[in-house]
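Asks: Sharing a model that was predicted from the sequence below.
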Amino acid sequence: MRFWLAALFLLIATVAYGQSQWPLRDLGVTWSRGAAKVSFSAKDLADERVRQELSSGLRKRLVVTVGAHLKGSNWRMAVRQFGCDVTRDLWEDGYLVRIGDQSARLKTLEQVLNRCLVVDGLFVGDPGGYERQKGKDFYFAVRAEFNPISKKQCSELIRPTSGDDPVGPISVNIVRRRICRAERAIEFRSELLKVPE
Amino acid sequence: MSRFERKILFAIGLSVFLALGGSIFLAQGALRDVYAVGVNERFGAELIHGVEARRGQLMALREGSDQVADAVSLAVEAQLEKRRHASSLQPLLRDLLERYEVVHGIRVLDDEERELASVTREPDPLGATMRTTTRDREAGKGARKVRIAVEVAVPEVYFERLQEAGEVADVYSRLQRQSASVSDVYAWVFGVLVFLVIVVAFLIGAIVSRRVTRRVTVLAEASRKVGAGDLTVSLPTGARDEVAELTKAFNDMVRDLRDSRTRIEYLQRISAWQDFARRLAHEIKNPLTPIQLAAQEMDETYGGQDDAYRKKLEHARAIIEEEVATLRRLVGEFSAFAKLPRADLSPSDLCELIQSIEDSIPAILEDVGGGTAAPVEVRVSCATEPIRVRMDPMMLKRGVDNILRNAIQAANEAKPSGGGRVQVRAYASEGSGFIEVRDNGPGIAQENWDRVFDPYYTTKAEGTGLGLAIVKKVVLEHGGEVRLDRAPEGGARFGIELPLMESR
């Protein structure tokens, strides 16, 4: 029992340390009604290959996850995630962008990237979450991903065989994590901030 | 944990780890091969080609729709040049709608966006969902300039199929990129599960082997006790396996050792008694003759006239001569016991021995009866088949004669007026030959059963206590055993057991 607790602690500490080593980037942070609003650009996710893929006519996905983490801890005070399904329309010129339940038709790829990877005044978390951590140091960690396969879709695409052996289900779960991860991802973090008193 | 246990566990661990570790190694190779067969570059390339083909199909449809829009535009322009009235356009548009399947509607508008003519294809209620778009064209010049809006449509399913093909190709290319790691994941998961199986198998093996090794350890401990001289050790045999066989053999060995030791001890004791008897006979025998001669001389050389004294002398001489005679008989028996030879064994038939014993019965009866045959019925029987044993017939006959004489005496004393019965029989059973002598006399008290074979132990007034000791010595020298218990008739039953020749 003591061994497993130590192993768990080590794992958390390793993840926390790894995250704290992400590259720094200037994030615009403002406070509104006790909650943080962040602004940043993750357009550098879209390298040449990503741009080609987005123009292929096949549906691609851009996902941005922003988390607020206390200093020295892996615990997330708040998290916000949004994703765009981008499809270049082969029948007409332009791009179909779907964000949640809303769709938009944009003419150029730049417009798509600005819509999906440039964040301006995005609320991350609610005031209550910050209220409890007043005065503490924290930072925002941003992860932008190109074309991760959603869990649901991944489960539909990669299924274990219907045998009774335990090898299939366990292996498939691990394989799913590898196969369905993003084709490209960038990660960065903000400078240390302080939750306002 | 004993060294033996460690060796057993090492053997189990080695066999389990080698077998299952080998299977992991082989499975890893097999998984890589299987994965490489299922996920290979050719399939991936074909899937990408399929996606490209669907994309090309859509692009071709788009180009085709553009060309159709151009054709419609040209036809409208030609019609307007030929017949300047706009009403002439309506039949043309219907004709064009019928001619081009991709067209779903045509509108002709003047430069002020007023509709001059239009046609629309009736929607098919059972038809597929369509994706539509409008291709705008301009025709005419100056005041006759018109805008022609051609609505073209393609089934939505074309786009859906492209997306589906794209997703499959995407996942496949990911599987292809991860081919090494995916098969490694399977191998690792398989390996971990196999390792767990190994651990469980090892634990089960350890538990099972411990049951065996514990029994072997107990056997070793028992062997040490036997080595230290404790021959009372007996182990439970338990399960039917080789260790149980070994335990049974061990128990048999200890029992044989115990019997041999008892036999040797008895023979050593008898030997000591024989030595004692020889010295006693020698020491007593020598003065007997001078004593007897001195008594005779005292009686014969008395020259006095005292009759009373003479009578005393004669009485004393008679007593001395009688006691000397008794001592001579005892010395004779001691001497005979001391000179008892070792049995000289040779193959013989027990039934022949019984026959010779039967021949001597009348003499024994007469001896016991004091000149007349004692009124005791003696029955002798033997198996029809020869009972082959290795024996010294003379020595064994002497022993059986002793037992038979005792039995006749006991039966005669219990029933002096007749009714005494003695039975002598020989038979073979379970690898041994048996001689049984039983009577209907008073029997021997159970507390004396062990002592009757000791030298000089007797319950008879005139006995020397050597007869049954001689019997036991003779039987032991034959590798057999002699036992005493109660006969069904109520008297004593002596049983002599000798190993059959075939069983050796």
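Replies: That came in fine, so what should we check first? Residues are numbered from 1 along each chain as shown, chains lettered A, B, ... in the order given.
Asks: Could you list the paired strands of the longest strand anywhere in chain A along with their orientation?
Replies: In chain A, taking DSSP state E as the definition, the longest strand is strand A:76-88. Take DSSP bridges as the rule and strand A:76-88 pairs in its sheet with strand A:60-70 (antiparallel), strand A:95-99 (antiparallel).
Asks: I'd like the distance from the first one to the chain centre, please.
Replies: Average the C-alpha atoms of strand A:60-70, do the same for its chain, and the two points are 3 Å apart (CA atoms, centre = their mean, to the nearest Å).
Asks: Residues in a beta bridge with the most centrally placed residue in chain A, which ones?
Replies: Geometric centre of chain A, nearest residue: A:Thr65, 2.8 Å, by CA atoms, centre = their mean. Note on A:Thr65: beta-bridge partners by DSSP bridges are A:Gln81, A:Arg143.
Asks: ok, it touching A:Arg80?
Replies: Yes: counting by CB atoms under 8 Å, A:Arg80 is a contact partner of A:Thr65 at 7.5 Å. Bear in mind the C-beta positions are built from the backbone N, C-alpha and C, glycine included.
Asks: Give the burial count for residue 78, as a bare number.
Replies: Going with chain A. Counted by other CB atoms under 10 Å in any protein chain shown, the residues lying close to A:Ala78 total 20.
Asks: that's the wrong chain, I wanted chain B
Replies: Quick note: B:Ala78 (other CB under 10 Å) scores 12 neighbours.
Asks: still on that earlier bit, give me the buried positions along the longest strand of chain A.
Replies: The neighbour-count check on strand A:76-88 (16 or more other CB atoms under 10 Å in any protein chain shown) flags A:Met77, A:Ala78, A:Arg80, A:Gly83, A:Cys84, A:Asp85, A:Val86, A:Thr87, A:Arg88 as buried.
Asks: same check, this time on stretch B:33-42
Replies: B:Tyr35, B:Val39.
Asks: Quick one: mean pLDDT over it.
Replies: Taken as a whole, stretch B:33-42 has an average pLDDT of 78.
Asks: likewise stretch A:107-114?
Replies: Per-residue pLDDT over stretch A:107-114 has a mean of 95.
Asks: what sits up against that stretch?
Replies: The contact list for stretch A:107-114, computed with CB atoms under 8 Å, 6 or more residues apart in numbering or on different chains, reads A:Lys43, A:Ala46, A:Arg51, A:Leu54, A:Ser55, A:Cys84, A:Val86, A:Asp93, A:Gly94, A:Tyr95, A:Val97, A:Leu106.
Asks: same deal with stretch B:410-417?
Replies: Counting by CB under 8 Å, 6+ apart, B:368-369, B:374-376, B:420-422, B:439-443, B:491-492 sit against stretch B:410-417.
Asks: circling back to that earlier point, so which of the contacts of stretch A:107-114 is the closest to B:Ile106?
Replies: Among these, A:Asp93 lies closest to B:Ile106 (CB to CB), at 22.1 Å.
Asks: Mind checking which of the contacts of stretch B:410-417 are in strands?
Replies: Using DSSP E, the contacts of stretch B:410-417 in strands are B:Val376, B:Gly420, B:Arg421, B:Val422, B:Asp439, B:Ala492.
Asks: could those residues go into a markdown table alongside distance to B:Arg137?
Replies: Below are the ones in strands among the contacts of stretch B:410-417 laid out as a markdown table (distance: CB to CB, whole Å):
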| residue | distance to B:Arg137 |
| --- | --- |
| B:Val376 | 151 |
| B:Gly420 | 150 |
| B:Arg421 | 146 |
| B:Val422 | 146 |
| B:Asp439 | 144 |
| B:Ala492 | 141 |
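Asks: Now do the SS call for the residue of chain A found nearest chain B.
Replies: Distances between chain A and chain B by CB to the nearest CB are smallest at A:Leu58, namely 3.5 Å. What DSSP: H, G, I helix; E, B strand; the rest coil gives for A:Leu58 is coil.
Asks: starting at the chain centroid, how far to stretch B:311-327?
Replies: With CA atoms, centre = their mean as the basis, stretch B:311-327 stands 78 Å off its chain's centre.
Asks: could you give the mean pLDDT of that stretch?
Replies: Mean pLDDT, stretch B:311-327: 89.
Asks: Tell me which stretches of the stretch 251-400 of chain B form strands.
Replies: With strands called from DSSP state E, counting those that start in this stretch, the stretch 251-400 of chain B shows them at B:346-349, B:376-382, B:388-391.
Asks: list the contacts for the one residue in the stretch 251-400 of chain B that gets nearest to chain A?
Replies: In the stretch 251-400 of chain B, the residue that lies nearest chain A is B:Asn251 (48.8 Å; CB to the nearest CB). The neighbours of B:Asn251, taking CB under 8 Å, 6+ apart as the test, are B:Ser234, B:Leu235, B:Thr237.
Asks: Mind doing that once more with 7 Å?
Replies: Contact partners of B:Asn251, counting by CB atoms under 7 Å, 6 or more residues apart in numbering or on different chains, are B:Ser234, B:Leu235.
Asks: mind giving me the domain ranges of chain B?
Replies: B:3-38+B:178-214, B:43-174, B:231-339, B:341-503 (automatic domain parsing).
Asks: wait, chain A
Replies: Structural domains assigned to chain A are A:2-147+A:183-194, A:148-181, following automatic domain parsing.
Asks: Going by mean pLDDT, which of the ones you listed comes out lowest?
Replies: Set side by side, those give their lowest mean pLDDT on domain A:148-181, at a mean of 77.
Asks: That one and chain B, are they touching?
Replies: Yes: for domain A:148-181 and chain B, the contact criterion (CB under 7 Å from any CB of the partner chain) is met by A:Leu157, A:Pro166, A:Val167, A:Ile170, A:Ser171, A:Ile174, A:Val175, A:Arg178, A:Ile179.
Asks: Now do the phi/psi pair for B:Ala428.
Replies: Phi and psi for B:Ala428, reported as degrees, to the nearest 10, are phi -120, psi 140.
Asks: neighbours of B:Gly418, just the number please.
Replies: By other CB under 10 Å, the residues close to B:Gly418 number 10.
Asks: which SS class is it?
Replies: The local conformation at B:Gly418, judged by three-state DSSP, is coil.
Asks: any idea how far B:Gly371 is from it?
Replies: 17 Å (CB to CB, to the nearest Å).
Asks: residues in contact with A:Pro148?
Replies: A:Pro148 makes contact with A:Arg61, A:Val63, A:Cys180, A:Arg181, A:Ala182, according to CB under 7 Å, 6+ apart.
Asks: do the same with A:Ile179
Replies: Applying CB under 7 Å, 6+ apart, the residues contacting A:Ile179 are A:Ile158, B:Val171, B:Arg174, B:Leu175, B:Gln178.
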